[in-house]
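Enquirer: Sequence first, predicted model second:
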Amino acid sequence: MEADTDVRLRREAAEYYRGHRVPQRMEEALNALFPLRPADLYGELANYFSTFSKAPVVCKLAARKVLDGVGQPTLEVEIYCTVRNYEKRICSAIISSHYQIPENALSETTEADERERNVTTAVEWVNESLSTMLRDLKPTDQCEIDTMLG
């Protein structure tokens, strides 16, 4: 029974690799690199195979409240993408909560409370709705992202 499972797994593996053209690409890479005899053979193989990897896609956004240089609540958002099967932080942005206050504002405490609420709401929206909306999109596909957000 164990031998049957082993044979089945080997067959599945061979089909999987053939379906992804791994044997042909391995042969191409080895034939191309042998005459060059690079000092870092595995680095050259990694470079060669990286051309066949999938484009990065957004896997999540992570937002949090931070304080800016003058102590005002501010939104920070980090963008994570799946790059070659690994989650990787690609970039972050900080969005100020500063805005024009209406002339009839009651006090500075009202202003501070409002900013705090706005940033807290933004953190929740980014971490939940926006992160879900952008998941699996290519970060370079700005038109699709703009359309979705519009």
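Expert: Structure's in. What do you need? This is a predicted model, so every value here is computed, not measured.
Enquirer: mind giving me the domain split of the chain?
Expert: With domains defined by the TED database, the chain comprises 1-51, 57-149.
Enquirer: Let's see the distance spanning the first one from one end to the other.
Expert: Counting by Cα to Cα, to the nearest Å, the length from the leading to the trailing residue of domain 1-51 is 41 Å.
Enquirer: ok so, going back, deepest of the domains of the chain, which one?
Expert: Highest mean neighbour count among the domains of the chain (mean count of other Cβ atoms under 10 Å): domain 57-149, with a mean of 13. All C-beta atoms are positioned from the backbone trio N, CA, C, and that covers glycine.
Enquirer: from the chain's centre, how far out does stretch 7-26 sit?
Expert: Relative to its parent chain, stretch 7-26 has a centroid offset of 29 Å by Cα atoms, centre = their mean, to the nearest Å.
Enquirer: in the protein, what spans have low per-residue confidence?
Expert: Scanning the chain for pLDDT under 70 picks out 98-112.
Enquirer: can you give me the strands for it?
Expert: Per DSSP state E, the chain carries strands over the ranges 57-67, 73-83, 86-95.
Enquirer: end to end, how far does stretch 76-92 reach?
Expert: With Cα to Cα as the measure, the ends of stretch 76-92 fall 7 Å from one another.
Enquirer: Need the contact partners of that stretch.
Expert: Contacts to stretch 76-92, defined as Cβ atoms under 8 Å, 6 or more residues apart in numbering, come from residues 50, 53, 56-66, 93-95, 126, 139.
Enquirer: can we see that at 6 Å?
Expert: Residues outside stretch 76-92 that contact it (Cβ atoms under 6 Å, 6 or more residues apart in numbering): 53, 56-64, 66, 93-94, 126, 139.
Enquirer: farthest pair in those residues?
Expert: Ser53 and Val66 (33.6 Å; Cβ to Cβ).
Enquirer: Look up which residues are beta-bridged to Ala93.
Expert: When assigned by DSSP bridges, Ala93 has beta-bridge partners Val77.
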